[in-house]
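Colleague: give the three-dimensional model of this entry:
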Amino acid sequence: MTAKQLLRDRKEFARGTVERVVWRLPQPVPPCTHCFKYRLVYVEDGRRVIGFDNERGKGDHYHSEGREAPYRFTTLERLLDDFSSAVAQWVEADR
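Modeller: A predicted model of the protein is given here:
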């Protein structure tokens, strides 16, 4: 099996931009145990304010207001829901 892109989209909103990229990989990216590689980001005024990603050596994590914390990946659907919820909360807070 080779890597397969499952999702790639970009949406412009009045206050910012959402970009989502997800790949299914033949093997996990260490230290992850799942076979997805992803980058989900919400950008306002040229800066990332919300982000979820996994990278070699760091694993699953998220970014919020310049801080980084571990993220517990369960399913791809849950990840996409968690990202959408985080963006909605940010926008609704009217920062």
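
Colleague: residues contacting residue 56?
Modeller: By CB atoms under 8 Å, 6 or more residues apart in numbering, the residues touching residue 56 are 29, 30. All C-beta spots, glycine's among them, are computed from the backbone N, C-alpha and C.

Colleague: any idea how far the residue of the chain positioned farthest from its centre lies from residue 33?
Modeller: In terms of distance from the mean C-alpha position of the chain, residue 1 ranks first, at 23.6 Å (CA atoms, centre = their mean). Counting by CB to CB, to the nearest Å, the gap from residue 1 to residue 33 is 17 Å.

Colleague: quick one: contacts of stretch 2-17?
Modeller: Residues from elsewhere that reach stretch 2-17, judged by CB under 8 Å, 6+ apart: 18-26, 36-37, 42-45, 49, 76, 91.

Colleague: please redo it, this time with the cut-off set to 6 Å
Modeller: Contact with stretch 2-17 is made by 18, 19, 20, 21, 22, 23, 24, 25, 42, 43, 44, as judged by CB atoms under 6 Å, 6 or more residues apart in numbering.

Colleague: can you give me the buried ones in it?
Modeller: Buried positions in stretch 2-17, judged by neighbour count with 16 or more other CB atoms under 10 Å: residue 16.

Colleague: same question, stretch 19-28
Modeller: Per 16+ other CB under 10 Å, stretch 19-28 contains these buried residues: 19, 20, 21, 22, 23, 24.

Colleague: quick one: contacts for residue 26?
Modeller: So residue 26 contacts residue 1 (CB under 6 Å, 6+ apart).
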